[in-house]
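Engineer: Sequence first, then the predicted structure:
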Amino acid sequence: MELREELQKLIKGEVHTDDATLERYSTDTSLFKVTPKAVVFPKDAQDIKKIVEFVNSRTISGSPTSRDLSITARSGGTDMSGGPLNEGIIFDFTKYMNIFALKNMEATVQPGVFYRDFEKETQKIGVFLPSYPASKSIAALGGMVANNSGGEKTLRYGQTKKYVKELKVVLSDGNEYTFGKLNKQELENKKQRQDFEGDIYRKIYGLLESNYDIIQNARPKVSKNSAGYFLWDVWDRENFDLTQLFTGSQGTLGIITQAKLRLIKEKKHSRLGILYLRKLKSLPDIVNKVLSLEPEGLEAFDDNTLFLALRFFPAIAKKAKGGNLLKFALQFLPDVWAQLKLMAIADIVVLVEFAEDTEREVEEKINKLHDILKGTRGVSAHLLHESGKAEKYWTIRRESFALLRKNVSGKKTAPFVDDLIVKPEKLPHVLSQVYKILKKYGIKATLAGHAGSGNFHIIPLMDLTKQSEREKIPKVADEVYNLIIAEGGSITAEHNDGLIRSPYLEKMYGKEVYNLFERTKEIFDPKNIFNPGKKVGSSMEYAMKHINHP
């Protein structure tokens, strides 16, 4: 019996193995292509449990690198690391498992809910989930939890893990469990259970307690991180919370079927300041000054991204609200003047957003920003006093990657050093070194990111049809990640590990902590059926064999 028939008789949802579907699910927004054996659209948790039981019955190796028959979760498919790509069965939740409910300041969501649909409803009651990524128009909530996503609001409000209150997860034994924060007595009760859940709690508690200091010292010393398993967030010797381990795990420990998320109130008034910096080296000083005003967001993009926006101006205008090209173009006249005052094209453009509950508070912050910048050399500012004029700048920031993917002839976006983070004061040195590395290998790239947290997305443009170009990827990645690790940063702030960065986790954390990651994976998934080759058991050789090229 064919795999499709075997799976279809088990579930109410759909199973597809036709070439067109497999081709569509062999890619995401990363530079990889991995063809699965089947794509499943589960209708509910029962379907997921049935498939897990089936895969368990067919899997005997449990090898960390085994991809013979496995299950990989996928939602929006916007991952830039190759996280939802694998050779086994792909679950797509967006077709059927896309229900959500709002109550007070909480949301109960299934993994296939698109953020755009979710946001429409939360806006009606004045609340939101602030950890959305730049791809929020096409991203889904399951992926946001799986990757521990962040974005333009993360500076003030934190990453997704901060908003996860409860998770329902199908584990490798084929049963669905509910996880949330436990006190000491609740933890003891869980450890007393004589089943798979009890075994999980006993083993993970033992691992965390016996290695407590090692684990706490392994926490990256930056404001955002999505690398590895967040073992340091699970047990603080008062509370035990496995939702913090599933968040950011890229579906390698179990399949999330439902999440309960905390929401916050939206600020009613906002304003934007646009700063043009003549030299990159002035960025840390500007960031430090602006952070004292507690901005809602502090974003940046480089001159290459600005030139890209000018080159594809009609497409940018179409993405902006309204879509009127002439009106959109006229809105940029003050920015032309700001550049002329600088007497040069800016190295970097910084977006400073303030948001508060009253108009007066926002205006006070804009005025304080004006005072702080007064007399600062090499900086020209355009401060908006009308909130409606900010959209064009956010469009450039959010849409730059999408424009690159669609419009650069002969080149392909190659996101493999796309999510670096260091302390903001180290940015000029680190970014100048990264530029030198790219120049050494003849690679052009755009840069955009979250200046307030020291997190930048560097997107190389490469002709991946040429083997000589593909061979540059591991060489550049080695040099860039060695630099980031040496500077005390993280190799991924919010895009997670996937195929491209999992091979660097041992280098980032050291062998001792990496071994704890391996043991964590083995405790939850002894047969290695959930998204193998991510977090642990990965190799750069496998990744390079799956570069997507003609």
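Structural biologist: Right, received. Where do you want to start?

Engineer: What count of nearby residues applies to residue 454?
Structural biologist: Residues near residue 454, counting by other Cβ atoms under 10 Å, number 27. Just so you know, the C-beta spots here come from the backbone N, C-alpha and C atoms, and that holds for glycine as well.

Engineer: Please name the residues that touch it.
Structural biologist: Neighbour list for residue 454: 222, 223, 421, 422, 423, 424, 426, 427, 489 [criterion: Cβ atoms under 8 Å, 6 or more residues apart in numbering].

Engineer: In a helix, the second one, correct?
Structural biologist: Right, residue 223. No - assigned with DSSP: H, G, I helix; E, B strand; the rest coil, residue 223 falls outside any helix and is coil.

Engineer: So it sits against residue 453, correct?
Structural biologist: Yes - counting by Cβ atoms under 8 Å, residue 453 is a contact partner of residue 223 at 4.5 Å.

Engineer: what residues are shared contacts of those two?
Structural biologist: Between them, residue 223 and residue 453 share these contacting residues under Cβ under 8 Å, 6+ apart: 155, 421.

Engineer: ok, residue 197 - how many residues close by?
Structural biologist: Counted with other Cβ under 10 Å, residue 197 comes out at 17.

Engineer: Tell me which helix or strand it sits in.
Structural biologist: helix 196-210 (DSSP states H and E).

Engineer: buried ones in that helix?
Structural biologist: Of the residues in helix 196-210, those buried by neighbour count under the rule 16 or more other Cβ atoms under 10 Å are 197, 200, 201, 203, 204, 205, 207, 208.

Engineer: And stretch 353-372, by the same measure?
Structural biologist: By 16+ other Cβ under 10 Å, the buried positions in stretch 353-372 come out as 353, 354, 355, 356, 362, 365, 366, 369, 372.

Engineer: Going by distance to residue 512, which of the residues you listed wins?
Structural biologist: The closest of these to residue 512 turns out to be residue 353 (Cβ to Cβ; 41.0 Å).

Engineer: Let me see the mean pLDDT of the helix or strand containing that closest one.
Structural biologist: Per DSSP H and E, residue 353 falls inside strand 348-356. Confidence over strand 348-356 (mean pLDDT, whole number) is 94.

Engineer: helices or strands up against that strand?
Structural biologist: Applying 3 or more Cβ pairs under 8 Å, 6 or more residues apart in numbering; DSSP states H and E, one finds that strand 348-356 makes contact with strand 269-277, helix 283-291, strand 297-302, helix 303-311, helix 359-373, helix 391-407.

Engineer: And for that strand, what's in contact with it?
Structural biologist: Contacts for strand 348-356 (Cβ under 8 Å, 6+ apart): 152, 267-277, 280, 283, 286, 290, 293, 295-303, 305-306, 362, 365-366, 369, 390, 393-394, 397, 447, 451.

Engineer: Check the secondary structure at the residue nearest to residue 443 when sequence neighbours are not counted for me.
Structural biologist: Closest residue in space to residue 443, ignoring its immediate chain neighbours: residue 460 at 4.8 Å, by Cβ to Cβ, 6 or more residues apart in numbering. Here residue 460 is recorded as strand under three-state DSSP.

Engineer: what sits against residue 460?
Structural biologist: 413, 414, 415, 416, 417, 438, 443, 444, 445, 476.

Engineer: Give me the distance between it and residue 449.
Structural biologist: 15 Å (Cβ to Cβ, to the nearest Å).

Engineer: can you tell me which residues contact residue 178?
Structural biologist: 166, 167, 168.

Engineer: Try it again at 6 Å.
Structural biologist: Contacts of residue 178 were listed using Cβ atoms under 6 Å, 6 or more residues apart in numbering, and they are residue 168.

Engineer: same thing with residue 239?
Structural biologist: Here residue 239 is in contact with residue 181 (criterion: Cβ under 6 Å, 6+ apart).

Engineer: can you check the one 5 residues further on too?
Structural biologist: Contact partners of residue 244, counting by Cβ under 6 Å, 6+ apart, are 161, 230, 233, 234.

Engineer: Just the contacts of residue 460: which are in strands?
Structural biologist: Within those, residues falling in strands by DSSP state E are 413, 417, 444, 445.

Engineer: returning to that earlier point: could you identify the helix or strand that succeeds the helix holding residue 197?
Structural biologist: With elements assigned by DSSP H and E, the helix or strand that comes after helix 196-210 is helix 212-218.

Engineer: need the next SSE after that next one, C-terminal direction.
Structural biologist: Going down the chain from helix 212-218, the next helix or strand is strand 239-241, by DSSP H and E.

Engineer: how far out from the middle of the chain is that next one?
Structural biologist: In terms of Cα atoms, centre = their mean, to the nearest Å, the centre of strand 239-241 is set 24 Å apart from its chain centre.

Engineer: per-residue confidence averaged over that strand?
Structural biologist: Averaging pLDDT along strand 239-241 gives 99.

Engineer: again with stretch 380-394
Structural biologist: 69.

Engineer: between the contacts of residue 460, which is nearest residue 528?
Structural biologist: Of all those, residue 416 has the smallest distance to residue 528: 24.8 Å, by Cβ to Cβ.

Engineer: who are the neighbours in contact with that closest one?
Structural biologist: Taking Cβ under 6 Å, 6+ apart, we find residue 416 in contact with 473, 477, 500.

Engineer: circling back: need the contacts of residue 244 in JSON lines (columns: neighbour count, pLDDT and distance to residue 82).
Structural biologist: Shown next, in JSON lines, are those (neighbours: other Cβ atoms under 10 Å; pLDDT from 0 to 100; distance: Cβ to Cβ, whole Å):
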{"residue": "161", "neighbour count": "22", "pLDDT": "99", "distance to residue 82": "21"}
{"residue": "230", "neighbour count": "20", "pLDDT": "99", "distance to residue 82": "20"}
{"residue": "233", "neighbour count": "18", "pLDDT": "99", "distance to residue 82": "24"}
{"residue": "234", "neighbour count": "20", "pLDDT": "99", "distance to residue 82": "26"}
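
Engineer: Next one: residue 172, what pLDDT does it get?
Structural biologist: 97.

Engineer: Give the residue spans of the stretch 301-450 of the chain that score low on pLDDT.
Structural biologist: For the stretch 301-450 of the chain, applying pLDDT under 70 flags the ranges 308-344, 385-409.
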